[in-house]
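**Q** Have a look at this prediction, sequence included:
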Amino acid sequence: MSGEGYSTQELMIIAAAREIHDGEVVFVGMRLPIMAFGVARLTHAPNAVGLFECGLARYEPAADMLYTMTDPPNQKGAAWATSLFQVMGLLQGGHVDAGFIGGAEIDRFGNINTSYIGGHTRMKVKLPGSGGAADIAGMAKRLLVIMNHDPHRFVQRVSYVTSPGYLDGGDSRHQAGLDGGGPTAVITDLAILRPHGRDHELHLASIHGGHTVNEVLARTGWDLKIIPGAAQTPLPTAAELAALHRIDRDGFWRNKI
Amino acid sequence: MSGEGYSTQELMIIAAAREIHDGEVVFVGMRLPIMAFGVARLTHAPNAVGLFECGLARYEPAADMLYTMTDPPNQKGAAWATSLFQVMGLLQGGHVDAGFIGGAEIDRFGNINTSYIGGHTRMKVKLPGSGGAADIAGMAKRLLVIMNHDPHRFVQRVSYVTSPGYLDGGDSRHQAGLDGGGPTAVITDLAILRPHGRDHELHLASIHGGHTVNEVLARTGWDLKIIPGAAQTPLPTAAELAALHRIDRDGFWRNKI
Amino acid sequence: MMDKLSNLPSAIADIVRNEDSVVLGACLEGNIPFCATYELIRQGKRNLTMIAPISDASTDMLIGAGCVAGLTGAWVGNVSGGLGHNYRRAAEKSMPHPIRIHDYSNFTLAAALMAGAYGIPYMPVRSILGSDILASNPEFKQTTNPFTAEHEPVVLVPPLKADVAILPVQRSDRAGNCHLWGSSGVTTEAAIGAARIIVVADEIVEAEIIASDPSRVPFPGWQVSAVCQVPAGCHPSPMAGRWRRDNAFLNDYHLRSREVEGFQAWLKEWVFDVPDHAAYRAKLGERLDALQIKGWAPSAPVNYASE
Amino acid sequence: MMDKLSNLPSAIADIVRNEDSVVLGACLEGNIPFCATYELIRQGKRNLTMIAPISDASTDMLIGAGCVAGLTGAWVGNVSGGLGHNYRRAAEKSMPHPIRIHDYSNFTLAAALMAGAYGIPYMPVRSILGSDILASNPEFKQTTNPFTAEHEPVVLVPPLKADVAILPVQRSDRAGNCHLWGSSGVTTEAAIGAARIIVVADEIVEAEIIASDPSRVPFPGWQVSAVCQVPAGCHPSPMAGRWRRDNAFLNDYHLRSREVEGFQAWLKEWVFDVPDHAAYRAKLGERLDALQIKGWAPSAPVNYASE
C-alpha cells in the first residue's frame, strides 16, 4: 500500500484504465490490463470493446474472476466468440486502437523481450515467447506496456526484440514497415514513461505518489530523461477505486503483477 | 424420352452418378450434379460427401427440392454450414476428389468458357462468368462436365478459358502450375467423352443408346477421335432409376439441363 | 450500447453514396437484401461498384436501372433463368451505360475480401492458374512460390474492401449484434473489411438473445453503422429457417427483363410503384405467406454457464 | 456414417507415431486435452514436434517427459505460474535432451495453419515486421509488396500442416461430427490441415444433435480419424459451459516442476501411477466435481426448418 488508501497495483491498473478512450477497441489480454479495461468501461469509456486473442470480444467485463482469457466467465455473454485468426486479423486490419502487453525486458525505445534473455544465439534464460505480443506491438495503433520497474528489466537495449517498440528510434519503426503504432505509455510500479521527441525515446512522464525522480532514475538501466512538465501521476479517484473493487472483488489480480 | 423407359436427362444424371466413387468428397453444385450425387449416395457411394460453394457440406441429399444450393432444405441437416472460403479452401487444400461444372463452350482439351463468347476483347455475348467453376476446374482432383452436345458449344478452341481443362494439351496444364486434375468425363446428351493419350484430347468414350457415332461427330466442332473399345453407355439400372425418382419426385430437374 | 435502429430508406440515403463500392448480399443465392436493391433503385443511386461472388438477379436489376458503373464479382445472371439480360445489354451494348467488369472466381473474390478484412497485403492462391480470368482482370499478379525449389506459379490477389456492406441476418439486436446461421458465403470477410455496414434483420430481438450465443455472431457488432428491420427483406431469395425461394418471381423477372421495355415495366410494377417494403410485402400478399417457413426444427441448445 | 468411436489409449497408440508433428489443443489456455498429454507420456512417444500457439503446461510436461524434439509455437510456459521449468531446462541445458524451437507469434502461427489447411502457397503478413522472430526463425521470408509503389515490407509465412491434431470439443457423434462453442483459437485451421484428427469429446451424442445445428460444427467430420469420449479430458484447463480451470492444480505443477526431481515425482503421481483417465478422474474426486459447471445458460434456439 502506498499509504494513500490505494495500493501500487491499484494505481497501475487505474493509470492503465485512463489510457483506454471511450469507444475504442482494445486488446486487453490478462492480469492487470483486463482489470484496467473493466475500470475504464465502468468510468469514462462505457463503449470500449475488449479483445482476447483466443477468439473473444466483450463489451461488459466478465462477471466472475478469470485466471485465463478462455475461462468460462469470459465466454459467457461475449460480444463475439470466434477464432484467433479473426480476432488478431482485426488487429492487422487496422481495426484495433490499442493493445496491452507486459514483458521481461524493455529498452529505451520501448522494445520488449519475452523470448530469450541473452538473445537467441547466446541464450541465458528461455522465456515463454511472444504469444500474441509481437502481433499486438506491431499492429495496434497504440501500445500500452505494464511492467515492474526493476533495473535489470529496464535496459539500454534488449537482447532480443520479441515485440517491436521504436526499434532504433527515429523513423526506424517506419522503415521496418510498421506504419504508426508503438508504445505510448509504459506504466510501472514507480512511474509512467512515454516516448518524447523525434527519437521516440522513453522519457519519464509522471511519478507515482511516494516515489522520487532519483529512485526512478536509479532503477532505469539507461540515462532516463524527463519530459518537461512531468508531474505526479494523478491519484485514483473514488469512482475509479470503486469500479476496481467492484471488478476484482477478491483482490486476486490487484495483489500480483 | 429415349423410348427405353428412361429419359436422356435421366441417363446423363445416372452416368454422372457413376463418376462419384464411394467415400469421395465432391463439389456438386446445382441442377443435374446434385441429382447425380443423390443417386450415387443411394446406390454405390453411401459415404460420399457433397460440397456447395456457398459454404455447405452434406452427407444425405436434401429432403426437399432445391432451386439453389442455399435453399432451406439444403441448410437443414447439413454436415457443415460455414463460409465460402472454408469450403472452397478444402478444394485448394487438396481435400476434394471431384467437382462438377457445366459450360457454354468446351473445346477439345476440355477448356470451358462461361464468361465471354468471342473472348473478353471482342465480346459477342456476355455470359454470367465463373462463379466457382474456375476454382473447381483448377483444383479438384477430377473434373466432371455436363453439357448438351450442341455443335456451336463443342468447339475447336474456346474463345476464353474460364475453367481450365488441359489448356493446349500435353503438359501445358502442368506448366501452368496445375498439378493433376483436369476433366476426366464430359457427359452430354449424346455420349461421354474422355481425355485419351498423352495429349489429353477429349475422345468419344461411349455413346448413349439411340444415337450414332456419326451423329456425335457431326455435333462436335473438332475432329473427334474415338477411344479404342468405345461402346454404348451402360443403361441405367432399375436401382439407379429408382434412386433418381426418389430424389427428384416431381421431375423438376430431370426435365431441364 | 448504441441504438442503431433505422429504417431502410434512411439508412440507404445516409450511408450509401454515389460512387461507393457495395457488397449487397454475401451468401451467394440466398440472403440477398432485395429490399435494399429496390431502395437503391428508388433513390436513384449512381456509379456504384457492386461486389459479390453471386447475387442472383439483384445485380442485374441494379445494372438495368442505371445504378452501376462497375462490377467486381464472379457471376452475374439469374440463377433461375441463366443469363442476366440487363448485364448482357450493359456489357455488350453499353445500355443503359457501359460498366467496368472486374472478373473474379468465387474463391479469389473471397480471398480478396479476406485480405481486405484482415490487413493481409495480398493473398497468394493457385485456384485460377491457367484461367483467362488472369488475362481479363489485370489486377491479379502472377509470380512464383519463393518457398519451393521447383518453379511453382502463384497468383497474387490484391485486397478488396467495400465502402458499404449490406448484409441480411435472421436476427439482430438494436446495436448491430446479430445472429446468422446456415451457410454464410463471404459475409464475415465482407463485413469486417467494409467501411460501413448496414444490417438488414429479419427480426429485431433483445440483446440478451444475441449475447446468449456469441459463437453465432458472424461479425463484430460494434462495426455496424445501422440496423434495419425488414421482414422478408430477402424476398425472392431464401433465408435459412425463415423464407423459401420465390422461384416463380425470379422466372417472371427473367422473362420480362428480356427486352428493355419489359424490364422497365417490371421495374415500375415492383419498384417505382411500390413506395416501400411494407407495400411490397402487401403486394405479394398470400404469395409471401406461402413462402414463409412455418415449421420448427430447432438447434439443440448449448450451455454457456460459467459455474 | 462410419463409427469412429475408440478409447484414448488405442487412438493414441494407433494414430500418433514417433516423429509426428502434433497439435494438442488449439484453443490457447482452454480446451487442452491433458488426457492425451498424459497418454502420450505413458506410451513413451518420442521425437514429437508440438504445434500450438499456447498450450499452457501441457507442452512443458511433454518436454520434461522426453517426448518432444521440436516446438512450433508462440508461447510455452505455465499460464498460472509464468515460466515453464522443463522448457527452460530443455532450451538452456538440453535436459532431458535438446529441442529445436521454431518461433512464431500467435497470429503468424494461425496464418501458417490456415495456409496449410487451404492450400495457400504462403501467407503474407505484416504483424511481426521489426521483430527478432524473423531472426530466430529463418523459415519466414521477408519481401516487398508488389502491389504498392512505395517500398512496403511483407513477411511471408510458409504453410504448416500437422501429422495429427488432437482436438477437444464439448460434444461429438460417433462419426466425428462435433460441436464446439466459445472461442475456437486455431481449431478449424489445425484440423483441416492435419493428416489425422483425434476428437476428444466431453460427451458423445446422437448424430441428430449435431445435425440439428450445422453452423456449430468446427471442422469436417469426415476428416476425423477417431473419436474418444473423455469427460473432463481437458482438466486442468477449462472448457466453455462444462469445466472451470483448476488453477491450483497448475500452480502445484509449477512449484513441483521447478526441479527435475519434483517434476519426476509429479509425473509419477499424476501420470505413471494413474493407469487411465477414469482413474485420474477418480483421484481428483470431489475436486473435479467442484470444477464441473452445474449451471444452465442455454443458447437461444434457432430454426432450421425448411417449410
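**A** Sure, I can see it. Numbering: from 1, shown residues only, chains lettered A, B, ... in the order given.
**Q** And the chain, what are its domain boundaries?
**A** Using chain A here. Per automatic domain parsing, the structural domains of chain A span A:1-95+A:234-257, A:102-225.
**Q** I was thinking of chain C, sorry if that wasn't clear
**A** C:5-104+C:161-291, C:122-157.
**Q** and chain D, which of those is closest to it?
**A** Chain D sits nearest to domain C:5-104+C:161-291 of all the domains of chain C, at 3.7 Å, using Cβ to the nearest Cβ. Quick note: C-beta positions are derived from backbone N, CA and C, even for glycine.
**Q** which residues touch residue 110?
**A** Looking at chain A here, since you left the chain open. Taking Cβ atoms under 8 Å, 6 or more residues apart in numbering or on different chains, we find A:Gly110 in contact with A:143, A:145, A:165-166, A:182-183, A:186, A:195, A:200, A:202.
**Q** please go with chain C instead
**A** Shown in contact with C:Ala110 (Cβ under 8 Å, 6+ apart): B:83-85, B:88, C:53, C:186, C:189.
**Q** what's the pLDDT at it?
**A** Note on C:Ala110: pLDDT of 98.
**Q** List phi and psi for A:Asp107.
**A** Main-chain dihedrals, A:Asp107, degrees, to the nearest 10: phi -120, psi -180.
**Q** Quickly list what it is bridged to.
**A** Listed by DSSP bridges, the beta-bridge partners for A:Asp107 are A:Val155.
**Q** Pretty sure it sits against A:Val158.
**A** Yes. In terms of Cβ atoms under 8 Å, A:Asp107 counts as a neighbour of A:Val158; the distance is 4.6 Å.
**Q** who's more crowded, these two?
**A** A:Val158 (27 against 24; other Cβ atoms under 10 Å in any protein chain shown).
**Q** ok so that one is a helix residue?
**A** No. Under DSSP: H, G, I helix; E, B strand; the rest coil, A:Val158 sits outside any helix and is assigned coil.
**Q** From chain B, how far out is it?
**A** For A:Val158, the distance to chain B (Cβ to the nearest Cβ, to the nearest Å) stands at 38 Å.
**Q** That residue is in contact with A:Asn111, isn't it?
**A** Yes. Taking contacts as Cβ under 8 Å, A:Val158 lies within contact range of A:Asn111: 5.0 Å.
**Q** ok, back up a step: ok, which pair from the contacts of C:Ala110 is furthest apart?
**A** Between any two of the contacts of C:Ala110, the greatest separation by Cβ to Cβ is 12.4 Å, found for B:Met88 and C:Glu189.
**Q** near chain D, which of the contacts of A:Gly110 show up?
**A** Contacts with chain D are made by none of the contacts of A:Gly110, judged by Cβ under 8 Å from any Cβ of the partner chain.
**Q** Verify the contact between A:Arg157 and A:Glu105 for me.
**A** No. A:Arg157 is not in contact with A:Glu105 according to Cβ under 8 Å; the separation is 9.3 Å.
**Q** quick one: which of those two has more around it?
**A** Set side by side, A:Arg157 and A:Glu105 show more neighbours around A:Glu105, with 25 against 14, by other Cβ under 10 Å.
**Q** Look at the residue in the stretch 151-257 of chain A that chain C sits nearest to and report its pLDDT.
**A** Minimum separation of the stretch 151-257 of chain A from chain C (Cβ to the nearest Cβ) falls at A:Gly177, amounting to 9.8 Å. Note for A:Gly177: predicted pLDDT of 96.
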